[in-house]
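Colleague: Build the 3D model from these lines:
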Amino acid sequence: MATIKEGDTIQVHYTGKTSDGTVFDSSRDREPLEFTIGEGKLIPGFEKAVVGLSKGDKNTVTIPSGEAYGDKREDMVIDVPKDNIPPDVKAEVGQQLQIQQKDGGAIPVVVTEVADQTVKLDANHPLAGKDLTFEIEVMDIL
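Modeller: The predicted structure is shown next:
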């Protein structure tokens, strides 16, 4: 039976959980995830977890944050004067906003703290700094 290797295009079903067991994503209620090993479109630990598996195999793997969305970086957390927040936006903890860059691009951020004069914004990926557990089932090797 064929095993998954670099360059293979595969289909998998997966369920991703944080260390406390909270499910943050799953393909079980939709089409399987299709990707090519080595293209770098998924977190590195996920690709490593399927190499060597065959169609029908299941694997549960815990991926450390460094091989997932990276460690949380303090340089990506900034305090912004409230005056810089558009007047029609009432900043609240947990709210998702976007910061416009000079080149026109946008960076997604989350409000983590609202003080009298400032708002703390976090541009880290929401899963940065977290070890993730994935239950993976190989549906097909194309």
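Colleague: Count the residues that sit near I136.
Modeller: Other residues within reach of I136 by the criterion other Cβ atoms under 10 Å amount to 21. No exception for glycine: its C-beta is placed from N, CA and C like everyone else's.
Colleague: now do I78
Modeller: By other Cβ under 10 Å, the residues close to I78 number 14.
Colleague: same thing with V89?
Modeller: 11.
Colleague: for it, what are its contacts?
Modeller: Listed by Cβ atoms under 8 Å, 6 or more residues apart in numbering, the contact set of V89 reads L97.
Colleague: quick one: the strands in the protein?
Modeller: Using DSSP state E, the strands of the chain run over residues 9-18, 23-26, 33-36, 58-63, 77-81, 96-100, 106-114, 118-122, 132-141.
Colleague: Out of the ones you listed, which one sits most buried?
Modeller: Mean neighbour count (mean count of other Cβ atoms under 10 Å) peaks for strand 118-122 among these, with a mean of 20.
Colleague: I'd like to know the average pLDDT value across it.
Modeller: What strand 118-122 shows for mean pLDDT is 97.
Colleague: quick one, that strand and strand 106-114 angle?
Modeller: Put simply, strand 118-122 runs at 130 degrees to strand 106-114, going by axes from the mean of the first three to the mean of the last three Cα atoms, to 10 degrees.
Colleague: which one of the strands of the chain lies closest to A49?
Modeller: When the strands of the chain are compared by Cβ to Cβ, strand 58-63 sits nearest A49, at 4.1 Å.
Colleague: Show me what the closest one is packed up against.
Modeller: Taking 3 or more Cβ pairs under 8 Å, 6 or more residues apart in numbering; DSSP states H and E as contact, the helices and strands that strand 58-63 lies on are helix 44-50, strand 132-141.
Colleague: contacting residues around stretch 115-130?
Modeller: With Cβ under 8 Å, 6+ apart as the test, stretch 115-130 has contacts from 18-19, 24, 65, 68-73, 76-82, 85, 91, 97, 99, 107-114.
Colleague: One more: stretch 46-61?
Modeller: Identification of contacts with stretch 46-61 by Cβ under 8 Å, 6+ apart yields 1-6, 10, 12, 14, 37-38, 45, 63, 67-68, 133-141.
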